[in-house]
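K.L.:
Predicted structure and sequence below. I'll ask about it afterward.
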There are 2 protein chains.
Amino acid sequence: MSEPVRRFNPHEEPDQVPAGPGRPREREYRQKVIDAALRLIDAEKPVTINALVKESGVSRAAIYRRWSSVTLLIAEALDIGRPAYEVDVSGDPKEVMKNILFDRSDQAREAYTQRRFRKRVEIVMIDRDVQMAYWHKHVSKRRQAEAKALQSGIDRGLLRADLNIEAALDALNGIFYYQVITRGVSNYEPDVIARCEDAFDLVWRGMEA
Amino acid sequence: MSEPVRRFNPHEEPDQVPAGPGRPREREYRQKVIDAALRLIDAEKPVTINALVKESGVSRAAIYRRWSSVTLLIAEALDIGRPAYEVDVSGDPKEVMKNILFDRSDQAREAYTQRRFRKRVEIVMIDRDVQMAYWHKHVSKRRQAEAKALQSGIDRGLLRADLNIEAALDALNGIFYYQVITRGVSNYEPDVIARCEDAFDLVWRGMEA
């Protein structure tokens, strides 16, 4: 453990990592811990600090130097494979939103399996702290990109000026949650994608100016 | 246990109960078992046949006479407090749908607490058999009433003739799931209801002819 010593700060953002020459090693450390968390989650084992130390080979102090709580660490692990927070919103807003919501890249499929989606929902139903951490640190950030896309649609007169962006994002995103949570199907099945596209078009039509 | 002897039939529908003079007692038996299941669920205890016998005081044979599997029994228990399957669809389709989706009766609130909603989602994420039983026996039936309301809107020229009813129902229902599952809020909070109403209006606009 030769990385530079930093004092533990419980208020630190989990994605603030030391810059500079230590960066690649820093990424490697974070990845080790996140991978360990995902292995524990996939194996249905409790993600405790002790289990993470054992599974990752990274020390307790080194883990707490990077995440102020195991809750935030679990939230970050649960987000692996989801679309990025930064998107180019200069294109057609409808296409931008479709690209975000229908992310069907092989990379996304591989990392964000349906099994893990179900597991994520199970965990946030049990643990409200993880749920709120996941919402504030991850979902909200992704929604900021989505909100920008809709705002640009309003600004260009394509979407209704009085659009409630928050409500619109709930309706658009809710379509995909419904498939996995209520229908019990996978968002990667062709007939499910086709139905989601119809639902998306329907909601979008209601949003148009 | 003096109720008439009926042979166990694993293919029997769970809601087929003997008619005739035994009916009130029959309802009482079913209620005892469902209440026991809900107590176990609320106490985070596994709902096994042994636990149900102990908790309800109803015999194993009497339980299996009424439900062909514990899975179907759990699915029925998880549905307690949800809106009924039969609704009068003769009124304005938009109002009919709003009444179904925004069921805010005291009865619904009391029986279908947010805690139980979260628990239901947790259980169906873990157990795909319960999920599919819940979908086929309960959600699908409720959706049939909703589909009738939308079909009547199409027939009266209020909704688009080419409306994909399944996709529309996914979008409308998804709004409410998103609140509890992703935002981690309660569907009974006034600001949440207001946002859901905006989202509902948005989707509805997209459905209109």
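P.N.:
It's in.
K.L.:
Please make it C-alpha for all contacts and neighbour counts, starting now.
P.N.:
Will do.
K.L.:
And what about the closest residue to chain B within chain A, helix, strand or coil?
P.N.:
Distances from chain A to chain B, computed as CA to the nearest CA, single out A:Gly206 as the nearest residue at 3.7 Å. When states are read from DSSP: H, G, I helix; E, B strand; the rest coil, the local structure at A:Gly206 comes out as helix.
K.L.:
I'd guessed it sits against B:Ala199; true?
P.N.:
No - contact status for A:Gly206 versus B:Ala199: not in contact, 9.6 Å apart, counting by CA atoms under 8 Å.
K.L.:
The two: which is more packed in?
P.N.:
More neighbours surround B:Ala199 than the other of A:Gly206 and B:Ala199, with 29 against 22 (other CA atoms under 10 Å in any protein chain shown).
K.L.:
residues in contact with the residue of chain A closest to chain B?
P.N.:
B:Leu202, B:Val203, B:Trp204, B:Arg205, B:Gly206, B:Met207 (CA atoms under 8 Å, 6 or more residues apart in numbering or on different chains).
K.L.:
okay, now the second one: neighbour count?
P.N.:
Put plainly, it is B:Val203. Counted with other CA under 10 Å, the burial measure for B:Val203 works out to 28 neighbours.
K.L.:
can you check the fourth one too?
P.N.:
Using other CA under 10 Å as the criterion, B:Arg205 is surrounded by 18 other residues.
K.L.:
before we move on, the earlier item: if you drop the residues flanking it in sequence, what lies closest to the residue of chain A closest to chain B?
P.N.:
Closest residue to A:Gly206 apart from its sequence neighbours, by CA to CA, 6 or more residues apart in numbering or on different chains: B:Gly206 at 3.7 Å.
K.L.:
wait, isn't A:Asp79 in contact with A:Ser140?
P.N.:
No - under the criterion of CA under 8 Å, A:Asp79 lies out of contact with A:Ser140, with a separation of 11.9 Å.
K.L.:
Look at those two and report which has more neighbours.
P.N.:
Legend: neighbour count by other CA under 10 Å for A:Asp79 and A:Ser140, higher for A:Asp79 (20 against 17).
K.L.:
and the more buried one, what does it touch?
P.N.:
The neighbours of A:Asp79, taking CA under 8 Å, 6+ apart as the test, are A:Tyr134, A:His138.
K.L.:
For it, give me phi and psi.
P.N.:
For A:Asp79, the backbone dihedrals are phi -90, psi -10 (criterion: degrees, to the nearest 10).
K.L.:
and the residue nearest to A:Ala209 when sequence neighbours are not counted, what pLDDT?
P.N.:
Computed as CA to CA, 6+ apart, the closest residue to A:Ala209 that is not its neighbour in sequence is A:Arg160, at 4.0 Å. Per-residue confidence for A:Arg160 comes out at a pLDDT of 98.
K.L.:
could you dump the contacts of A:Gly206 to a markdown table with distance to A:Ile74?
P.N.:
Below are the contacts of A:Gly206 laid out as a markdown table (distance: CA to CA, whole Å):
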| residue | distance to A:Ile74 |
| --- | --- |
| B:Leu202 | 34 |
| B:Val203 | 34 |
| B:Trp204 | 37 |
| B:Arg205 | 39 |
| B:Gly206 | 38 |
| B:Met207 | 39 |
